[in-house]
Each structure stands twice: as C-alpha cells, then as structure tokens.
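> My questions concern the predicted model and sequence given below.
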Amino acid sequence: MGISRYKHRIGIGAGIILGLIFVTAGVGKLLHQPEAFKIFFTPFLDLLPLILMAKAFFIWLPWVELVIGLLLITGIAARLVAAFSLLLITAFITNNTLNLIKGLGGEPCGCFGAVDNVFAANLSVIGSLVIDIGMLALSLALLFYARRSFFNIYPWFLKRGGLGK
C-alpha cells in the first residue's frame, strides 16, 4: 500500500471525526440553546444588536453544524465543506480567545449544549479552545490529504472497497 493511500485514509478519517464533532455540537445546541447563548456571545454583546445575534445563533448555527457534519461524515464535497468549516472553526477560536481575554477561561463553554449534561462534562472555554485547535488540524488534514477533487459529491463509501481510490 503506497503512501498516497495512507494519506487518503487519513483524510477520510479526519473528515469522519470532524463530522462527528460537528453533528454532536449541532444536536446538543438544538436541544439546549439558552444556556449556550449566555456563554457564546458574552464577548460580542457590545458589537452586535442582541436580536441579530440571537437569531443567528439560535436558528442557524446548530443547523449549519449538522449539515457540515453530515457532509463530512459521508464525504460529499468533503474538501469544499472542510474549507467552509475553517471559517466556522476560526470563529469558534476567536470567540474562545475573547472569552479567555475576559477571564472566562474556567467557565463552561456550552459548546455541546445538552450533550454536556448527558455526559456530565462541563467543557471549559480552555478545553473548548483545545478542541477547536484539534478541529482546525483535522480540517487541514482533510483538505491536504483527500485525493478527490474539491467539488466531488460522490461519497467515499460508495467506492469499491470503501477506502479505495
């Protein structure tokens, strides 16, 4: 098995792991939106009208995370979706960095909403920042190691042998 095939498998694995993180976060936020809102938008209250932030967060973010996650897991346009996810991950990193600057590093981040409660895990802002950096690395691995074209919509698991060319 050549090095290229290993890189391709790394790309597929990175997409699946990143997709699972996005799906988990999206579902968790859909089930527990009010708590997550308090933590996420604390740094931005002075910058944007509250109504605009609430609408963007409560309505769009969980659904965007779900769609990104499902597309990454299935491998449909995975490189394009990974490029788009870089924007979202950068926003998460910016948000967590601003929360750290405000001294909220030990506070719960609310990143996974109700999923935090299910597993009794209160992920802090610092822990969330570590996960975000890991997500950034996974997204870059998918972009650089996936063999398929940027806009390819053919899922990886429909190829002969699953992980083949």
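Yep, it's here.
> Just checking, which helix or strand of the chain averages the lowest pLDDT?
Taking mean pLDDT, DSSP states H and E as the measure, the helices and strands of the chain show their lowest mean at helix 33-40, namely a mean of 56.
> same for the longest helix anywhere in the chain, what does it pack against?
When the chain is parsed with DSSP state H, its longest helix is helix 3-31. If contacts are counted by 3 or more C-beta pairs under 8 Å, 6 or more residues apart in numbering; DSSP states H and E, helix 3-31 sits against helix 61-74, helix 78-101, helix 114-118, helix 125-145. Where you see a C-beta, it was placed from the backbone N, CA and C, and this is true even at glycine.
> Please repeat the previous calculation with a cut-off of 6 Å.
Applying 3 or more C-beta pairs under 6 Å, 6 or more residues apart in numbering; DSSP states H and E, one finds that helix 3-31 contacts helix 61-74, helix 114-118, helix 125-145.
> looking at the ones you listed, which one has the lowest mean pLDDT?
The stretch with the lowest mean pLDDT among those is helix 114-118, at a mean of 69.
> G13 is nearest to which of the helices and strands packed on helix 3-31?
Of all those, the one in closest proximity to G13, counting by C-beta to C-beta, is helix 125-145 (8.4 Å).
> show me where pLDDT drops low in this protein?
Residue ranges of the chain with pLDDT under 70: 1-5, 33-58, 116-121, 148-165.
> swap the cut-off to 50 and go again
Where the chain drops to pLDDT under 50, the residues are 164-165.
> Serialize the helices and strands packed on helix 3-31 to JSON lines and add fields for mean neighbour count and distance to L31.
As requested, the helices and strands packed on helix 3-31 are arranged in JSON lines below (neighbours: other C-beta atoms under 10 Å; distance: least, C-beta to C-beta, whole Å):
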{"stretch": "helix 61-74", "mean neighbour count": "20", "distance to L31": "9"}
{"stretch": "helix 114-118", "mean neighbour count": "16", "distance to L31": "4"}
{"stretch": "helix 125-145", "mean neighbour count": "19", "distance to L31": "18"}
